[in-house]
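# structure, please.
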Amino acid sequence: MTTDDLDPIHKQVISFIENTTKPIFVTGKAGTGKTTFLHYLKSSITKNLAVIAPTAIAALNAGGVTIHSFFQLPLGPLEPLDFIDNENILKLPALSGEKRSLLIALELLIIDEISMVRADTIDRIDLSLRMARGISVPFGGVQIIMFGDPYQLPPIFQNDWPILRRYYNSPYFFSSIVFTSVAMITFELTKVHRQSDPFFLSLLNNIRIGKVDSQLLGKLNEHIFLPSEDLSDEYITIATHNHIVNEINEKHLNELPGEIYSHIARIKGEFPKEAYPTDFELRLKVGARVIFIKNDSSGNKLFYNGRVANILSIEDTNIRVRFHDDNSELTISPEVWSNQKYTINDVSNSIKESTIGTFSQYPLKLSWAITVHKSQGLTFEKAAIDIDAAFAPGQAYVALSRCRSLEGIILRAPVREESILNDPKIHDFMSQMKLASLSNEQLDIYKMKEQYLSVKELLDFSYFSCQWERLNSLVDMDFETPQENLKDLLLQIKIVVEKQVDSVARQFTNREFNTLDQSLPLSHHPIFLVRLKKASTYFEEKLKGLHELAQNLLNYPLNSTNSNLFFKYYNSFISVCLSKIAGFESNFDEPAIYETVKRMQDAMLNYVSVHSFYSLPETKKKSIQNPLVFDELLNWRKDLAHKRSVAEYIIISEKLCIKIASKLPNSLQELGAINGIGQDKAAELGDDILKIVRKFTGKNNLF
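Prediction:
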C-alpha cells in the first residue's frame, strides 16, 4: 500500500492518530485490507509504536510480538484493576527495567486480530501501562489502535469463563472494564477487494451477522460435493479441525509415487515453536500440492501468501513449482522469517525493532487441506469447505469468505443453520458502534479536547498519591526499628503529597475546568493560562521539595528481607515525581502542550533507579565510587542472568561491577583493559555495559 492507495477512511484514521490519543477500532469485512493498512501505518507513522497480537503466528504475520511476551503476562484468567486491592497489586509480577522503559516511551500500541483478544487481557494491558507510566488515565495515556472483525474468530475463554464471568458480561475485548471509562472511535473499511459479485457479497454479509434463513441455506447448499465424485486437484479443503486437515494432507502425499524429501528448517537465535510459520521438517514429493505462506521478499511479486502450486522438481538447494492460476513455473529457495523484539534506544528514547531470531525454510505448506484458523487472511480461487463441525462463532464466515466467488465453492457436507454460529453480544456491540465516517469538524473538536486532557492529566495526582500510600505502607516492614526523625520525615512527605499537592490540584481542577468553555482552543482563555502558569510554578516548587525530602529515606538502614519491594515502589514514586516536575516546567501555549508528554516521558526514562547499592553493608558502600552506575550494573546483571537461566556471578562478578563503576570506561578497549574483564568479555557484554556508563556520564557531564 502506498499513499496513492489511501481512501478517505484511511486518511481519517491517520489524522486521528496524528492529532489525538483516542482509542481507535479499525474494522471491516473479510477482504477489506485491514492487515495491509496496518502494515502501512507501521511503516509510515512517526510515533513510538509497537505491534502486538494474541498468537505467535498472528504476531509474525503482523510484524510484531505476542501480547503476553510484550507485557510479560501470566497465563490464565487475569483479574481487572477494579478488583485488585493494594496488597495484591504488590504481588503482580514486576516489569524489568528495560520493559518499563519501553512502556514509558510507547506512544502508539497497535493490536492485530482483536477479535481473538479477551476482555481480561485488555484490562491487564491497561493496568500494565498505567503502572509503568505512573498515569491514571486509560492505557496510561498510550493511544491504542485495534484491528479486526469481531464477527471472525473469537478468543479462547471456555476453561476460564467460570472465573471471568464474575467480572465480565462477555469474553470479548469490548467488554473490558477500561472501555466503560473511555470510548473508542470506530472506523469501518468498506471496500471489499477479494469478492466483486454483489450476490455473493450479500450472502457472505448475512452469514457474517447471523442472518440465515432457508433461502440462503438453499442457495449455498446447491454447491454440495458428493463423496462419490472425484474432487479436482484445483480445490483446497478448508476444515475446522487440525486432525481432519492432517489426515487429508498425509493421505494425498502418501498416494503420490516417488520418495519423500525432508527439508529441515534452520533456526538461529530465539524462535519459539508456536511461532513456526511452517513445518520444522517439511516433507514433500514431486507432484505435491502446496500453498505459499509468505510474500516474495525480493519485491518482484513472483509469489504471494496464499498462491497455490504443484511441485515439479526437488533439488538440494531449490524447489521448482508450477502455479495453478497461470501455469507459470518458478524455482524457489528458502525464505527467512524474523522473530522481533522491541527495545529502547538509550540516547534518543525511541523504540526500535531488533531481530532476536530467524526461521529459514521453504515458504510452503501442503495444501490439499488447511484449517479455518490458518486460512484467515488468505484468498482462494476454488475451495472445498467442511464446516459441518464448526465449534466457534465466525468459523463458517471465515471459511466461506476465503473464496473469490460463489462458483469457486463446493461443500463437503450441507451447511446447517446450527453450523453458522453467531454471538448476539457481538451483533449488539457492532450495532452500537457508529461506523460512519467522522467529519473534519469532529476531528477538530477531538484535537481541542486533547489540549484540555493533557492539562487535566498533568494535574491528576490520584495515581501519584496511591504510589505514595503503597511506599509508606512498606516502610514499617522495610526499615529497621523506626526512629522519631524517620516518622517526622514520613509525616512531612505525607503532608506535601496529600494536602499541598493532591488536594490543591483537585480544587484547582474543579474550580477552573467547571467554568471553562472547552469548545474553544486553550489560547482563547488568556486568564486561565495565567492562572495555570502560576499553579504550575507552585506545583513545580512543591514537587522539587518533595523529591529532596523523599531522597532522605535512603539514609535509613533497611531490613534486607523486604528491600527489593521497597525499592520497586521508591523508584516508581520518584520517577513519576520527576515526570510531573518536567510537565510543570512546560509552556502551556498551544504548540508546546503537545511536547509536554514527551518531556515527561524523557524525565522518567532518564531517571537512574536506585536499588542494590543502598542494601549493601556500610563498609562496602565506602569502597564504591559512582554508586548509581554500580546499582544499574547490578540490575542489568540480574536481568541478563534471568534470561540466560544462570547465576548472576556467571555474567560478571560484583567485584568487577565495582571496578567498572570506578573507572567509567568509555570504549570497548578501555573496558577490556580493566583487570579481570579482558577483550573477550568486553566484546560479549561491552555494548550493554557502555550504555549504562554513558547514560550516567552523559547526565553528569564528566566528559
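# residue boundaries of the helices in the stretch 351-500 of the chain?
Assignment of helices within the stretch 351-500 of the chain using DSSP state H, counting those that start in this stretch yields the ranges 372-375, 395-400, 424-432, 440-458, 462-478, 484-494.
# redo those as CSV? Include mean pLDDT and distance to S298.
C-beta: built from backbone N, CA, C; applies to glycine. Formatted as CSV, the helices of the stretch 351-500 of the chain follow (pLDDT from 0 to 100; distance: least, CB to CB, whole Å):
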stretch, mean pLDDT, distance to S298
helix 372-375, 85, 24
helix 395-400, 88, 30
helix 424-432, 88, 40
helix 440-458, 81, 40
helix 462-478, 79, 50
helix 484-494, 87, 62
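# may I see the ones you listed organised as CSV, with distance to S176 and mean neighbour count added?
As requested, the helices of the stretch 351-500 of the chain are exported to CSV (distance: least, CB to CB, whole Å; neighbours: other CB atoms under 10 Å):
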stretch, distance to S176, mean neighbour count
helix 372-375, 23, 21
helix 395-400, 23, 25
helix 424-432, 12, 14
helix 440-458, 21, 16
helix 462-478, 19, 18
helix 484-494, 34, 14
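# nearest to Q340, of those helices?
Nearest to Q340, of all the helices of the stretch 351-500 of the chain, is helix 372-375, at 21.0 Å by CB to CB.
# hmm, back to that, among the helices of the stretch 351-500 of the chain, which is nearest T2?
helix 440-458 (23.2 Å).
# now do the contacts for C403.
The contact partners of C403, by CB atoms under 8 Å, 6 or more residues apart in numbering, come to Q195, T379, F380, E381, K382, A383, I409.
# go again using 10 Å as the cut-off
Shown in contact with C403 (CB atoms under 10 Å, 6 or more residues apart in numbering): 194-195, 200, 204, 236, 238, 379-383, 385, 409-410.
# output the helices of the stretch 351-500 of the chain in JSON lines; the columns should cover distance to P162.
Listed next are the helices of the stretch 351-500 of the chain as JSON lines, based on distance: least, CB to CB, whole Å:
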{"stretch": "helix 372-375", "distance to P162": "25"}
{"stretch": "helix 395-400", "distance to P162": "24"}
{"stretch": "helix 424-432", "distance to P162": "18"}
{"stretch": "helix 440-458", "distance to P162": "37"}
{"stretch": "helix 462-478", "distance to P162": "31"}
{"stretch": "helix 484-494", "distance to P162": "42"}
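# right, and these - which one's nearest E684?
The nearest among the helices of the stretch 351-500 of the chain, by CB to CB, is helix 462-478 at 35.9 Å.
# tell me what that closest one is packed against?
helix 86-90, helix 119-133, helix 484-494, helix 503-513, helix 526-551, helix 563-584 (3 or more CB pairs under 10 Å, 6 or more residues apart in numbering; DSSP states H and E).
# extract the C-alpha set from it and format it as PDB.
In PDB, the C-alpha atoms belonging to helix 462-478 read as follows (Å, rounded to 0.1, in the frame of the first residue of the first chain):
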ATOM      1  CA  SER A 462      -4.500  10.300  42.100                       C
ATOM      2  CA  TYR A 463      -2.100   7.600  41.000                       C
ATOM      3  CA  PHE A 464       0.900   9.500  42.400                       C
ATOM      4  CA  SER A 465      -0.900   9.600  45.800                       C
ATOM      5  CA  CYS A 466      -1.600   5.900  45.500                       C
ATOM      6  CA  GLN A 467       2.000   5.200  44.900                       C
ATOM      7  CA  TRP A 468       3.000   7.100  48.000                       C
ATOM      8  CA  GLU A 469       0.500   5.200  50.100                       C
ATOM      9  CA  ARG A 470       2.000   1.900  48.900                       C
ATOM     10  CA  LEU A 471       5.500   3.100  49.600                       C
ATOM     11  CA  ASN A 472       4.500   4.400  53.000                       C
ATOM     12  CA  SER A 473       2.800   1.200  53.900                       C
ATOM     13  CA  LEU A 474       6.100  -0.700  53.200                       C
ATOM     14  CA  VAL A 475       8.200   1.500  55.400                       C
ATOM     15  CA  ASP A 476       7.200  -0.200  58.700                       C
ATOM     16  CA  MET A 477       8.300  -3.600  57.400                       C
ATOM     17  CA  ASP A 478      11.200  -2.500  55.300                       C
END
